[in-house]
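Peer 1: Following is a predicted model, sequence given first.
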Amino acid sequence: MHAIIGDQRNNWNHLFLHSINSINLTASLMAGTSAAIAVGEAAPHLLAFKLSSVVLFTAATGMMLIVNKIQPSQLAEEQRNATRLWKQLERWIHNTLALRAPAESDIEEAMEKVLALDKAYPLPLLPEMLEKFPETVEPTRWWPKMQRRGQETKKACVSGMASNGWSRELEEEMTGILRVLKTKDEEEYVRLGKLVLNINKTLAISGPLFAGMAAIGAGLIGSPVDGPLPVLLGVVGGALATVVNTLEHGGQVGMVFELFRNLGGFYRRLQEEIESNLRESEVEKREDGELFRMKMALQLGRSLSELKGFASYASPCLQHEDIKEFAGKLF
């Protein structure tokens, strides 16, 4: 269903984009024709072209307000990401069943993941639609809150000898990765998300504004208001509305914003996985250290040898400004 809805909303984006652009360009042409007729004083034809232009510009303004509110390209990206995450959850359940008979805790964990994913990416458009222009940009969260494995918040003291695959060196690596993820990767995608959101807000306001000005200008053609201003408002305003609409929805700015927000969520989830293990005071209750290290390397797009370099970032003496490297190399 998420894949089907995603295709539908992607089709919405293309349909509205081309329809609104066609309406704006047609109305601009009619406004220009009205100005030419006004010079020739053919009153009946002038009224027909002028009214048609005003009606088309008004319709385009209303359509742009609706489309800018729902952001079809962002809706499509939400459903594409939801489809991928549901497939991951399905594979996780299959793997759990293949390894062992599911326990009660496995069932509870699966249900928590289902409910969290359903909340993060609602299927219906209304009334559960996610806010498209939030006041603050936060990474998307599609996973349940990870339970702390132990009551102690300090790191467990692990000797140099391996214990469940964990060692002091591995703890330092994970602590360094955790610090880099917080100060560089997540922060970078939140910053980019804010930038794209501001651009999207500007375009979402400018498009209907230009179309509304064009409607006013088209209505004033042939009126006692003399001069080229009504013609400029009608023709140029419609052309600018078309350009802005193409930049916003043809460029799929809403989709780009959702993409950055999802990437921020990806890195935040990795942070919570690392914190959940490091906070466990009993090393035997953690995930297997070597497997966990390999999983982090795969999800960050790095080799195991590259992870060793992050141990230097675990030092509390190191300032955030001194961290120049990003942990993830996949995106």
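Peer 2: Thanks, I have it. Numbers count the residues shown, from 1 in each chain.
Peer 1: the helices in the stretch 151-300 of the chain, which residues?
Peer 2: 168-180, 186-220, 229-245, 253-278, 289-300 (DSSP state H, counting those that start in this stretch).
Peer 1: Run through the neighbouring helices and strands of the second one.
Peer 2: For helix 186-220, the contact count by 3 or more CB pairs under 8 Å, 6 or more residues apart in numbering; DSSP states H and E identifies helix 2-40, helix 43-70, helix 229-245, helix 253-278 as packing neighbours. C-beta: built from backbone N, CA, C; applies to glycine.
Peer 1: ok, now which ones touch Glu104?
Peer 2: Residues near Glu104 by CB atoms under 8 Å, 6 or more residues apart in numbering: none.
Peer 1: now Ser163
Peer 2: 283-284.
Peer 1: Using CSV, please lay out the helices and strands packed on helix 186-220 together with mean neighbour count, mean pLDDT and distance to Pro139.
Peer 2: Below are the helices and strands packed on helix 186-220 laid out as CSV (neighbours: other CB atoms under 10 Å; pLDDT from 0 to 100; distance: least, CB to CB, whole Å):
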stretch, mean neighbour count, mean pLDDT, distance to Pro139
helix 2-40, 18, 90, 20
helix 43-70, 19, 90, 22
helix 229-245, 22, 92, 29
helix 253-278, 21, 95, 3
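Peer 1: Make CSV out of those and add distance to Glu186.
Peer 2: Output for these, formatted as CSV (distance: least, CB to CB, whole Å):
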stretch, distance to Glu186
helix 2-40, 25
helix 43-70, 28
helix 229-245, 31
helix 253-278, 5
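Peer 1: Quick one: closest of these to Glu109.
Peer 2: helix 253-278 (12.9 Å; CB to CB).
Peer 1: what's the closest one packed up against?
Peer 2: Helix 253-278 packs on helix 72-99, helix 168-180, helix 186-220, helix 289-300, going by 3+ CB pairs under 8 Å, 6+ apart.
Peer 1: Which one of those lies nearest to His45?
Peer 2: Using CB to CB, the nearest of these to His45 is helix 186-220, at 14.5 Å.
Peer 1: got the angle between that closest one and helix 43-70?
Peer 2: Put simply, helix 186-220 runs at 160 degrees to helix 43-70, going by axes from the mean of the first three to the mean of the last three CA atoms, to 10 degrees.
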